[in-house]
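In: Fold the following.
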Amino acid sequence: METALLAPKTPAFERDCPIRLVLDRIADKWTVMMMSLLSDGRPHRFNELRRNVEGISQKMLTQTLRDLERDGLVARTVFAEIPPRVEYRLTHLGVTLCEPIARLGEWAVAHVDEVKRAQASFDAR
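Out: Reported below is the predicted structural model:
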């Protein structure tokens, strides 16, 4: 069964295209990982998130969380304590993105062997 993807009616994915604006954020691998970690509904501290994502630098985690906050997907709460405590959690908008991300993860699990075979075949050529 063929599924048509939603495509813009104007020139394909121009800079201000709404689809592109959103996909630029959610197609990032670090975004998907952060959203997945935060999807359990509880607040997470910065170092907890960093420990759970192998290979992410402090700078990249900071930038990813800042971008997610800017886009309204993550809320950052600073507690006036010594030392300061900062927690991150999904906003309502962020929660609505979790289902499509979960479906993408399910697709990845279901098709990883096919993708690996295709890669091996391509690399062997």
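
In: So which residues of this structure form helices?
Out: Assigned by DSSP state H, the helices in the chain fall at 18-26, 29-38, 46-51, 58-70, 92-124.

In: Out of those, which is the most enclosed?
Out: Highest mean neighbour count among the helices of the chain (mean count of other C-beta atoms under 10 Å): helix 29-38, with a mean of 19. For the C-beta atoms, the positions are set from N, CA and C on the backbone; glycine is no exception.

In: what's the offset of it from the middle of its chain?
Out: Centroid separation between helix 29-38 and its chain, computed with C-alpha atoms, centre = their mean, to the nearest Å, is 4 Å.

In: What of stretch 24-40?
Out: 2 Å.

In: Alpha carbons of that stretch, in CSV - could you do that?
Out: Taking C-alpha atoms only, stretch 24-40 is exported to CSV below (Å, rounded to 0.1, in the frame of the first residue of the first chain):
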residue,chain,number,x,y,z
ASP,A,24,14.2,20.7,11.0
ARG,A,25,13.7,20.3,14.7
ILE,A,26,12.2,16.8,15.0
ALA,A,27,14.3,15.1,12.4
ASP,A,28,17.4,15.7,14.6
LYS,A,29,18.7,12.6,16.3
TRP,A,30,19.4,14.3,19.6
THR,A,31,15.8,15.7,19.6
VAL,A,32,14.3,12.3,19.1
MET,A,33,16.4,10.9,21.9
MET,A,34,15.6,13.7,24.3
MET,A,35,11.9,13.4,23.5
SER,A,36,12.0,9.7,24.2
LEU,A,37,13.7,10.1,27.5
LEU,A,38,11.3,12.9,28.6
SER,A,39,8.3,10.9,27.5
ASP,A,40,7.9,9.1,30.8
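
In: quick one: contacts of it?
Out: 44, 49, 52-53, 56, 60-61, 64-65, 67-68, 71, 73-74, 88-90, 94-95, 97-98, 101-102, 104-105 (C-beta atoms under 8 Å, 6 or more residues apart in numbering).

In: helices and strands of this structure: which one bottoms out on pLDDT?
Out: In the chain, no helix or strand scores lower on mean pLDDT, DSSP states H and E than helix 18-26, which sits at a mean of 81.
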